[in-house]
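Enquirer: what shape does this take:
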Amino acid sequence: MGILKVMGLKKAFGIDELFHDVNFEVGRGDRVGFVGANGAGKTTLMKILMGQEESDAGMVQLDSADTIGYVEQQADFGEGTLYDEFRRAFEDVIELGERKRELEKKIAVDHDEETMKAYSKVVEQFERLEGYDYESRIRRIAFGLGFTEAEFAKDVQHFSGGQKTRICLAKALLREPDFLFLDEPTNHLDIHMIEWLEGFLKSYKGGVLIISHDRYFLDKVATRIIELENKTVTSYEGNYTYFMKVKTQRRAALQSAYEKQQEHIRKTEEYIRKYKAGIKAKQARGRQSQLNRLERIVLPPEEASFNYFALNTPPECAQRVAELEDVAFSFGAHAIFSHISLLIRRGDGVALVGPNGAGKTTLLRVLVGEIEAAAGRVKIGSRVKIGYFSQQHEGLHKENTVLEEIMYEYGIDEEQARKYLGAFLFHGDEVLRRIGDLSGGEQSRVAFLKLMLTGANFLVLDEPTNHLDIPAREAVEEALMAYPGTFLAVSHDRYFLDKVANCTLELEDGQLTEYLGNYSYYLMKKELAAAEAEEERLEKEKAQKLKEAREKDKQARVAKKNGGPDAQTAERDKEANAQAELGRIQSMSEAKRTEMIQRAEAEIAMAEAELKGLEYQMNDPAVQADPVKSQEIAEAYAAKEEEIVQRYEKWERLTEA
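Expert: The predicted structure is shown next:
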């Protein structure tokens, strides 16, 4: 596989230039995070790389044999079932197969040379594209992404947003492309699926280019960050956190150099003014020439960011802000959750996480009173005023301008309204745009600002960072960290949850579990619990194997005892050797025995790992299809089992000693 080279790309729509002089490379094993504000041109640039759009200048160099898989933001599926959709990824292969069958029918009637040549060419192409294997590839990738055989017959339009994202990902992977382009791949995925995708991409052998606003995801996956800013790109080695560190350092160095240069210019201009008409006029003219030739440092525009503004302090409320006692909810006969109990105290910043479909939004709606619980009690504390942020933004008036929406709703003047809007990245004439004409992310910003201005002392937030770019997410984070009230937030943005939450609730399998820390703390506790559970499982498995080994050894002894004089002699020899070895072990020092026990346990673990590998090979369809190979592995498996029995016997003697 070659390298994708981008050289001098430029693109404009009329007089509005999106970007110019774009240069970078993506090679095998690269995982490049592509970041920038909404509207900067990231998706347009990605489409140019794939040949879906033309650039105004520059070129994209890619080997003709290299392939690109693309996962777009908005999935556009045709009619039919899930299996039909997967088959569309192999339309060229299917067409070749049909052509091959047509030629086979023709050859059966007439063996002319022209037909034979055409058939040979089609077969060669069909085999090169692995046409005989495409259906098994569909199943392998689909099952790996969590789809079932039963879902193959389901209408593709009936899948959820997260499932559609997985369908797009599966279609991109089916052809095993050399380059994988992902446009916001974590949208609509729950945290568990995002973590699966992180693990998959880290082991992907091809080049990966990812447009994403998910900073936690970029930290886990990216080996390089390319930022599209000020109409060009800058490349940074490392993940998102390292990129931000280096970018901040570079900006500080540029600011320092700019200030020094400005001071030099000021002093030089002062000298020129002072001496341009005097006896030092020649020197003044020389300095003017130097100043004219000086390459001026230009600072990039200040990044739009949250500027702290003083909101009205929400009124005081009870210490116990909200309580759920033994709450349950069902849709018909389907129980969403049951026996949920929860206490939220004043000043808490609570994150609610869990897989899609677990009932997180339903729980929020029960809490704010939009729907009634089937059982249990919901209690809201005294003087608690709830502000609810829903994903649909029902409280926005689509005909108002952004400025009107803030001024008229809260009775504030234009200067104060512009100050608030500026903090949420609406500047200049942007405040005069109609709400209905805003993007989803822009509407989210308006809705969140309105929520902050309500005077609510308990905010209930359902995916507040959806559709927001990174600067807007940072604005929401800063606003919440400055907020003196209490909040409960559902979000898949783990970076956001890490910054704002001091308590994490997990809703899974209808049950709620509390972790007294942010998302990273929750993850650490989950991993620790999983490690402990795995250790316990291994200990039980080890004890069971030891028990089985003892039983097997006992049966072998009985069988040999009944097998005649030779067997009895062999058994006596074995017993004598074991006793002799036991004597040697008992004569050793305690430290030496401990060392031997540890070594024996390591050897058992190694042998068991090798047994697992042989088991995996035995289940490989390719091995099962080869009788000779299958027999060899079966014999090796039996020998390894016997070896493990013997190693357990040795370990038992060591521990008995």
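Enquirer: now do the host helix or strand of Lys260: distance to the chain's middle.
Expert: Per DSSP states H and E, Lys260 falls inside helix 240-275. Here helix 240-275 is found 38 Å from its chain centre; the criterion is C-alpha atoms, centre = their mean, to the nearest Å.
Enquirer: now that helix: mean pLDDT?
Expert: Predicted confidence along helix 240-275 averages 92 (mean pLDDT).
Enquirer: show me what that helix is packed up against.
Expert: Identification of packing neighbours for helix 240-275 by 3 or more C-beta pairs under 8 Å, 6 or more residues apart in numbering; DSSP states H and E yields strand 31-35, helix 215-221, strand 224-229, strand 232-237, helix 281-293. Every residue, glycine included, has its C-beta placed from N, CA and C.
Enquirer: just give me the neighbour total for Glu237.
Expert: 11 (other C-beta atoms under 10 Å).
Enquirer: just the pLDDT for the residue nearest to it when sequence neighbours are not counted.
Expert: Nearest non-adjacent residue to Glu237, counting by C-beta to C-beta, 6 or more residues apart in numbering: Arg224, 5.6 Å away. What the model reports as pLDDT for Arg224 is 95.
Enquirer: list the contacts for Arg224?
Expert: Applying C-beta atoms under 8 Å, 6 or more residues apart in numbering, we find Arg224 in contact with Asp30, Arg31, Val32, Gly33, Ser235, Tyr236, Glu237, Gly238.
Enquirer: low pLDDT regions in the stretch 151-300 of the chain?
Expert: Within the stretch 151-300 of the chain, the stretches with pLDDT under 70 are 162.
Enquirer: how about 80 then?
Expert: 160-163, 165, 175-176, 187-190, 193, 278-279, 300 (pLDDT under 80).
Enquirer: surely Phe159 touches Leu82?
Expert: Yes. Under the criterion of C-beta atoms under 8 Å, Phe159 makes contact with Leu82 at 7.3 Å.
Enquirer: how far does stretch 227-245 sit from its chain's centre?
Expert: The answer for stretch 227-245 is 19 Å, by C-alpha atoms, centre = their mean.
Enquirer: returning to that earlier point: among the contacts of Arg224, which one has the most neighbours?
Expert: Greatest neighbour count in the contacts of Arg224, by other C-beta under 10 Å, goes to Gly33: 26 neighbours.
Enquirer: Glu227 is in contact with that one, correct?
Expert: No. Contact criterion C-beta under 8 Å: Gly33 and Glu227 do not qualify, at 9.0 Å.
Enquirer: now do the contacts for Glu514.
Expert: Leu342, Cys503, Thr504, Leu505.
Enquirer: meant to ask about Ala479, not that
Expert: Contacts of Ala479 by C-beta under 8 Å, 6+ apart are Phe306, Ala423, Phe424, Phe448, Met452.
Enquirer: as JSON lines, those with pLDDT and neighbour count would be great.
Expert: Output for the contacts of Ala479, formatted as JSON lines (pLDDT from 0 to 100; neighbours: other C-beta atoms under 10 Å):
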{"residue": "Phe306", "pLDDT": "49", "neighbour count": "19"}
{"residue": "Ala423", "pLDDT": "83", "neighbour count": "21"}
{"residue": "Phe424", "pLDDT": "83", "neighbour count": "24"}
{"residue": "Phe448", "pLDDT": "86", "neighbour count": "24"}
{"residue": "Met452", "pLDDT": "84", "neighbour count": "25"}
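Enquirer: sorry, back to before: overlap in contacts of Phe159 and Leu82?
Expert: Joint contacts of Phe159 and Leu82 (C-beta under 8 Å, 6+ apart) are Ile167.
Enquirer: who has more neighbours, the two?
Expert: Taking other C-beta under 10 Å, Phe159 and Leu82 do not tie; Leu82 has more neighbours (24 against 19).
Enquirer: any idea how far the more buried one lies from Leu96?
Expert: Look at Leu82 and Leu96: by C-beta to C-beta, to the nearest Å, they are 23 Å apart.
Enquirer: so, low pLDDT: which residues of the stretch 551-657 of the chain?
Expert: 551-596, 598-599, 601-602, 605-610, 612-631, 650-657.
Enquirer: which residues in it form helices?
Expert: Along the stretch 551-657 of the chain, the stretches classed as helices by DSSP state H, counting those that start in this stretch are 565-587, 590-618, 621-624, 627-656.
Enquirer: and the stretch 101-250 of the chain, by the same measure?
Expert: Ranges of helices in the stretch 101-250 of the chain, per DSSP H, counting those that start in this stretch, are 113-128, 134-144, 161-174, 191-202, 215-221, 240-275.
Enquirer: follow-up on the earlier one: Serialize the contacts of Arg224 to TSV and add fields for distance to Ile48.
Expert: Rendered in TSV, the data for these read as follows (distance: C-beta to C-beta, whole Å):
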residue	distance to Ile48
Asp30	18
Arg31	21
Val32	16
Gly33	18
Ser235	17
Tyr236	22
Glu237	24
Gly238	26
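Enquirer: out of those residues, flag the one nearest to Ala374.
Expert: The nearest member of these to Ala374, counting by C-beta to C-beta, is Gly33 at 44.2 Å.
Enquirer: give me the nearest residue to that closest one, chain neighbours excluded.
Expert: Among residues not flanking Gly33 along the chain, Ala222 sits closest, at 3.6 Å (C-beta to C-beta, 6+ apart).
Enquirer: quick one: that neighbour and Phe34 touch, right?
Expert: No. With contact taken as C-beta under 8 Å, Ala222 and Phe34 are classed as non-touching, separated by 9.2 Å.
Enquirer: okay, and the common contacts of those two?
Expert: Residues touching both Ala222 and Phe34 (C-beta under 8 Å, 6+ apart) are Ile210.
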